[in-house]
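Enquirer: task: produce atomic coordinates for the following.
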Amino acid sequence: MRKNLTQKTILIFAVLIVFIFGIIGIPKGLTGTALKASLLDRIHLGLDLKGGTHLILQVMTDEAVNSQTTNDAAHIQADMQQNGITVGSVMPDASHPQAIVINGAPADRSGDVRNVLNQRYGAQYDVASGANNTFTLTMKPSAVADLKKRTLEQAIEVIRTRVDTLGVSEPVIQEYNLGSDQILVELPGVDDPARVKDVIQSTARLELHLVQGGPWSDEQAALQALGGSVPYDSLLLHTAPGASAPGSGDQIYQIKRAAEVGGTDIRDAQASRNQNTNEPEVVFYLTTAAGNHFADFTTANKGKALCVVLDNKIYEVANIHDTIRDQGTISGGGITEQQSKDLSMLLRTGALPASIHYLQESTVGPSLGADSIRQGVMAAVVGMLAVMIFMLFYYRGAGINADLALFLNLVILLGFMGFTGQVLTLPGIAGVILTVGMGVDSNVLIFERIREELHAGKSPAAAVDQGFAHAWTTIIDTHVTTIVSAAILFIFGTGPVRGFAVTLTFGLLANLFTAVFVSRVIFDSHLNKKQRGEAISI
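Expert: Got it, this is the predicted structure:
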């Protein structure tokens, strides 16, 4: 018996030392300031305690659907030409962005048109023929749902990469389950929230297009030159202020709708300065496949004009003099040095698949966070002291047992947070306080059962043994049901609510160890020092 108690006592002290290390690590000193610094290095504070910005973003997933049908329309046109089929136009339906309409299909080759569409696009679109030799491709609901889901996931990854690049520590970036296609962003300790918002929201959609006409001074002149309407395979775009293009002021160009190079073709981008003018610019590099395609394109189109389009604005227009493979530059447009750094970062991290709108923004100042810490810690300390005093007063000697178990429970919980890097939030502090209450509840169940066994005439050793055995089932039941509730909060909750669920869950797991194992070891050690049948203080 004594040998088992020694081994269990060593295990308890080992657990205590390990989790104390989890709380403070290896401190640089034993002063209060050094210990506090070590504690803050290990226990990360959430937005509501550290201060920062809380954002809820709406991802405009319908734009991704519209972009997909626009690209597919260009590909369908190319597929028809490759198969020797001449059609009038292939355009997304203006009233239904999920649909593509093919006009002017040859009546004698309608079967060939249907075969091409079914083979290449039948997995994503429902194909139907209509009057006047038209075909309509409607994106399937499952394909729309999958595209919107992928758009949201990609937006989250792009935003996370951009925030990490800006050096924001411990950010929370996740799907906001309380809304459709929404993202929760929490940025603790943000020094310049306005700049971070600009970087997050910018789509940075870089494309290279063939110039088909222009420039014109306004859209009326452009439409007049084009016979009153824009060809279905073309777009009219304005130049950005200060763009490197012929002429001055706002210019309008006719460009090919389908881009030769898109944002996903860029493998790297760096901020630089023009060797001739010393003005800021961005140098971008294409992937191998995109570089090979671009080399073939520029070789076949020497002497023609090419434009750099960024977020639907033309930044540069230049003639193709030689083969260009995998490198290009963006300059002009009044780009500042900071903008060139931000733009290169955006291009490296990839373009957002759709634009985003800010639905909610709130800022927590550092002083408010400090007040929350003081009040939360004060509540936890006062609550724990009140509980410990009550246990000592009501259960006398056994109350010391419960208080030691509660202290070890708190050490294990904080140590776990230090080891795993979990963020402590204000609701998380509430979870700690609730854990203390649950720990007391477990001890009360055990102690009251021991008292009942003693009143029934059993010896102290037998009463302790039966008290723990009978209370165990109830303790497991209460802890499991609470942990299940916490798991639901974690799955469907957001940052602070998740912090509450995490601290509560691991506090309850620690409580199972302290209230049952540690408390039992203390009782057995105490009984081992008493004479057989000698009363215990409870």
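Enquirer: who does the helix or strand where residue 136 lies pair up with?
Expert: Counting by DSSP states H and E, the element that carries residue 136 is strand 134-139. Sheet pairing of strand 134-139 (DSSP bridges) gives strand 99-103 (antiparallel), strand 125-130 (antiparallel).
Enquirer: now the element after that strand, going C-ward?
Expert: Next along the chain after strand 134-139, taking DSSP H and E as the criterion, comes helix 141-165.
Enquirer: packing partners for that following helix?
Expert: With contacts defined as 3 or more CB pairs under 8 Å, 6 or more residues apart in numbering; DSSP states H and E, helix 141-165 has these neighbours: strand 52-59, helix 61-82, strand 172-175, strand 182-188, helix 193-201, helix 337-349. Using the backbone N, CA and C atoms, a C-beta is placed for each residue, glycine as well.
Enquirer: so what's the residue nearest in space to the middle of the chain closest to, chain neighbours aside?
Expert: Taking CA atoms, centre = their mean, the centroid of the chain lies closest to residue 173, which sits 2.9 Å from it. Take residue 173 and drop its neighbours on the chain: the residue closest to it by CB to CB, 6 or more residues apart in numbering is residue 160, 4.6 Å away.
Enquirer: ok, that neighbour - how many residues close by?
Expert: 17 (other CB atoms under 10 Å).
Enquirer: just to revisit the earlier point, winner for burial among the strands paired with strand 134-139?
Expert: Mean neighbour count (mean count of other CB atoms under 10 Å) peaks for strand 99-103 among the strands paired with strand 134-139, with a mean of 20.
Enquirer: average pLDDT for whatever helix or strand comes next after that strand?
Expert: Scanning forward in sequence from strand 99-103 by DSSP H and E, the next helix or strand is helix 110-121. What helix 110-121 shows for mean pLDDT is 88.
Enquirer: compute the inter-axis angle for helix 110-121 and strand 99-103.
Expert: 150 degrees (axes from the mean of the first three to the mean of the last three CA atoms, to 10 degrees).
Enquirer: so how far is helix 110-121 off the chain centroid?
Expert: Averaging C-alpha positions (CA atoms, centre = their mean, to the nearest Å) puts helix 110-121 40 Å from its chain's average.
Enquirer: all further residue positions should be reported with the first residue as 3.
Expert: I'll keep to 3 as the first residue from here, and by that count the last item is helix 112-123.
Enquirer: if we can go back for a sec, how about a markdown table for the strands paired with strand 136-141, with distance to residue 391 added?
Expert: Shown next, in a markdown table, are these (distance: least, CB to CB, whole Å):
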| stretch | distance to residue 391 |
| --- | --- |
| strand 101-105 | 72 |
| strand 127-132 | 72 |
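Enquirer: for the residue nearest to the centre of the chain, give me the pLDDT.
Expert: You'll see residue 175 listed with a pLDDT of 85.
Enquirer: cool, residue 502 as well?
Expert: Model confidence at residue 502, given as pLDDT, is 83.
Enquirer: relative to residue 126, how far out is it?
Expert: Applying CB to CB, to the nearest Å, the value for residue 502 to residue 126 is 42 Å.
Enquirer: returning to what we had before: surely the residue nearest to residue 175 touches residue 174?
Expert: No. In this structure, residue 162 is not within contact of residue 174 by CB atoms under 8 Å, at 9.9 Å.
Enquirer: model confidence over the strand holding residue 138, on average?
Expert: Mean pLDDT, computed over strand 136-141, is 91.
Enquirer: pull that strand out as PDB, backbone CA atoms only.
Expert: Coordinates of the C-alpha atoms in strand 136-141 are reproduced here as PDB (Å, rounded to 0.1, in the frame of the first residue of the first chain):
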ATOM      1  CA  THR A 136     -29.600  28.600 -79.400                       C
ATOM      2  CA  PHE A 137     -28.100  26.500 -76.600                       C
ATOM      3  CA  THR A 138     -28.300  27.300 -72.900                       C
ATOM      4  CA  LEU A 139     -25.800  25.900 -70.300                       C
ATOM      5  CA  THR A 140     -27.100  26.200 -66.800                       C
ATOM      6  CA  MET A 141     -24.700  25.500 -63.900                       C
END
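Enquirer: the closest residue to residue 414 other than its chain neighbours is in what secondary structure piece?
Expert: In this structure, residue 414 finds its nearest non-sequential neighbour in residue 512, 4.0 Å apart by CB to CB, 6+ apart. Using DSSP H and E, residue 512 sits in helix 497-513.
Enquirer: A helix includes residue 331, no?
Expert: No. Counting by DSSP: H, G, I helix; E, B strand; the rest coil, residue 331 is not part of a helix but strand.
Enquirer: pull out the buried residues from stretch 425-442.
Expert: Buried residues in stretch 425-442, defined by neighbour count with 16 or more other CB atoms under 10 Å: 425-438, 440-442.
Enquirer: so of those residues, which ones are in strands?
Expert: Among these, the residues falling in strands (DSSP state E) are 425, 426.
Enquirer: quick revisit: and the residue nearest to residue 414, what does it touch?
Expert: Residues near residue 512 by CB atoms under 8 Å, 6 or more residues apart in numbering: 410, 411, 414, 415, 418, 437.
Enquirer: select only the buried ones of those in PyMOL?
Expert: Applied in PyMOL, the following selects the buried portion of these according to 16+ other CB under 10 Å:
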select buried, resi 410+411+414+415+418+437
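Enquirer: can you list the contacts of residue 512 in JSON lines and add secondary structure?
Expert: Formatted as JSON lines, those follow (three-state DSSP):
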{"residue": "410", "secondary structure": "helix"}
{"residue": "411", "secondary structure": "helix"}
{"residue": "414", "secondary structure": "helix"}
{"residue": "415", "secondary structure": "helix"}
{"residue": "418", "secondary structure": "helix"}
{"residue": "437", "secondary structure": "helix"}
